[in-house]
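**Student:** quick one, fold the following:
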Amino acid sequence: MKEIKFEWYILYTAPRAEKRVKERLAALGVECYLPLHSVRRRWSDRMKVVEVPLFSSYIFVRCHESRLSSFLMLSGVVRIVYYEGRAAKISQEEIVSIDRFLGLIKYNEVVKVGDKVEIVSGPFQMKEAIVLEINGNNVTLTLKELGAKYISTLSHVEKIE
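**Tutor:** Residues are numbered from 1 along each chain as shown. Take a look at the predicted model:
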């Protein structure tokens, strides 16, 4: 019996339809990946952090190549992405790398020097601090209550609005 091989393929969607396409694919039981990242958007009365696709109008699906054409019937799917005459494939390692990259940038976009943050894990969990410096994935904080400096990772702090 021949093993059915599932690969990651790329679908091109209508503008700003990525999240709806993901919902429709998930409802069909299709494994899909839509990398999202947080950005600040200004409305007339406020600033808000919203999640937007890392790659506008693209979504990744994991399936057998023979199933790809059926996705063209879904509302919001424009076409299958091709490379050198074949449906473009992306490796599992590349999907993992994108996910890892998103983990690294997640907090850099929201937290900046001078921000008030709450430490969400570690020995000073639930304490407030001020960001003094950001160096890669590390952040230097000053703890308000102790007046001491503390070095943590960006993933262990959350900005206080």
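
**Student:** next helix or strand past the lowest-mean-pLDDT helix or strand in the chain?
**Tutor:** Across the helices and strands of the chain, the lowest-confidence element by mean pLDDT, DSSP states H and E is strand 36-42, at a mean of 75. Remark: after strand 36-42, the chain's next helix or strand is strand 47-53, criterion DSSP states H and E.

**Student:** pairing partners for that following strand, with directions?
**Tutor:** strand 36-42 (antiparallel) (DSSP bridges).

**Student:** poorly predicted segments of this protein, please.
**Tutor:** Scanning the chain for pLDDT under 70 picks out the ranges 1-3, 40-43, 45-47, 106-110, 161.

**Student:** let's see 90
**Tutor:** Scanning the chain with the threshold set as pLDDT under 90 gives 1-5, 37-51, 99-113, 115-127, 134-138, 144-148, 152-161.

**Student:** beyond the lengthiest helix in it, next helix or strand please.
**Tutor:** Once the chain is assigned using DSSP state H, the helix that runs over the most residues is helix 92-105. Scanning forward in sequence from helix 92-105 by DSSP H and E, the next helix or strand is strand 116-119.

**Student:** so which elements touch the longest helix of the chain?
**Tutor:** Secondary-structure packing of helix 92-105 (3 or more C-beta pairs under 8 Å, 6 or more residues apart in numbering; DSSP states H and E): strand 7-13, strand 36-42. Using the backbone N, CA and C atoms, a C-beta is placed for each residue, glycine as well.
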